[in-house]
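Visitor: Structure, please.
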Amino acid sequence: MHEDFPTLIRQATGARAVRPIETIQELWSGYGAILRYGLTGSERERVVVKHVRFPDRIRHPRGWNTDRSHRRKLRSYEVERTWYARWSARCGGACRIPHCLALETRGDEALMVLEDLDEAGFPQRREAVSEAELLACLGWLANFHATFLGCDPDGLWEQGTYWHLETRPDELEALADLPLKRAASAIDRMLRESPYQTIVHGDAKLENFCFSPDGGEVAAVDFQYVGGGCGMKDLAYYIGSCLDEEACERLEPWLLESYFASLRKALARLQPSIDAGELEKDWRALYPVAWTDFHRFLKGWSPGHWKLTDYSERMARAVVRRLEQEGEV
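Guide: Model prediction:
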């Protein structure tokens, strides 16, 4: 870590001294780490520090060690800094995120000093979710999407998510499913041409949600791939991240209704001029399309991935078949 950074952490928190407590996790492909620091003489007891240091050698765990991959990661950290500097203050309690205390760069290193969500009342992480926890996350996504509906994602990714077609040509080239490959552009176009664009979290997997002890409240972290898009991209990705194949299929109607019920309430409060019924009609039709978009990426990136289930394959085939019948591919 750059020699200036401990001083910067002290200045950001008003602490007399700071001390490293633990490494929470290493960043993907060796780009740094997320650390927890203890504070002395501050009103806060701890902060979380995201320390980014660009590696001399790219170490992708699945072998995608390309310059394009490296540039995408560099841009993702720039986007995250922009998110905290210019956008994050718009998030209210219904889509809780950590408060940002400082953003600094030194050469090839970057520092983000963030509120410790454990200390703020969100100390729980989940590998599996209860009904209450599912509802909390669906409500978070709905309120996030309502908050930013119609916003131009200035300074963020023009298209949020890390898997959208434009940023993944290598994975498309590797895709062996030729009907899905031919339909990829039409799938991407349908999502981009929805008249109801918002800002999407872009990596809304279960691991990026922090829960209150009772699971009824939730906060989200990791905004490297935040940007413009259809809200269904977040919803499909989140559901696929925390439920197995049987639950995804069995609970699909309930999950969609729960999300849209939260979205209707959020729109009534935040964007009353929006026709919530028309938005819901448009996004419900795009849910399987968003699911298929991620399925397309995953099938090219990691063909044996556990998320490539029979349910996911049936969803994708139905979307591709419809596009073929409509002459879109």
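Visitor: which residue is nearest the middle of this structure?
Guide: In the chain, the residue lying closest to the centroid (Cα atoms, centre = their mean) is Asp203, at 2.1 Å.
Visitor: how close does that one sit to His70?
Guide: Asp203 sits 18 Å away from His70, taking Cβ to Cβ, to the nearest Å as the criterion. For glycine as for every other residue, the C-beta is placed from the backbone atoms N, C-alpha and C.
Visitor: swap in Trp83?
Guide: Distance from Trp83 to His70, by Cβ to Cβ: 21 Å.
Visitor: ok, the two, which is more surrounded?
Guide: Trp83 (25 against 17; other Cβ atoms under 10 Å).
Visitor: The more buried one and Asp222 touch, don't they?
Guide: No. Using Cβ atoms under 8 Å, Trp83 is not in contact with Asp222; the gap is 10.2 Å.
Visitor: show me what contacts Leu101?
Guide: Neighbouring residues of Leu101 by Cβ atoms under 8 Å, 6 or more residues apart in numbering: 12-13, 47, 113-115.
Visitor: Now for the protein, the helix or strand with the poorest mean pLDDT.
Guide: Lowest by mean pLDDT, DSSP states H and E among the helices and strands of the chain is helix 67-82, with a mean of 89.
Visitor: what packs against it?
Guide: strand 109-115 (3 or more Cβ pairs under 8 Å, 6 or more residues apart in numbering; DSSP states H and E).
Visitor: can you dump the C-alpha coordinates of the strand it packs on into CSV?
Guide: The C-alpha trace of strand 109-115 is given here as CSV (Å, rounded to 0.1, in the frame of the first residue of the first chain):
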residue,chain,number,x,y,z
GLU,A,109,-2.9,2.6,-6.8
ALA,A,110,-6.4,3.7,-5.8
LEU,A,111,-8.0,3.9,-2.4
MET,A,112,-11.7,4.0,-1.4
VAL,A,113,-12.5,4.5,2.3
LEU,A,114,-16.0,3.2,3.0
GLU,A,115,-18.3,2.9,5.9
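Visitor: Could you look up the next helix or strand downstream of that strand?
Guide: Downstream of strand 109-115, the first helix or strand assigned by DSSP states H and E is helix 131-147.
Visitor: how distant is that next one from the center of its chain?
Guide: 13 Å (Cα atoms, centre = their mean, to the nearest Å).
Visitor: just stretch 82-99 next, same as before
Guide: With Cα atoms, centre = their mean as the basis, stretch 82-99 stands 14 Å off its chain's centre.
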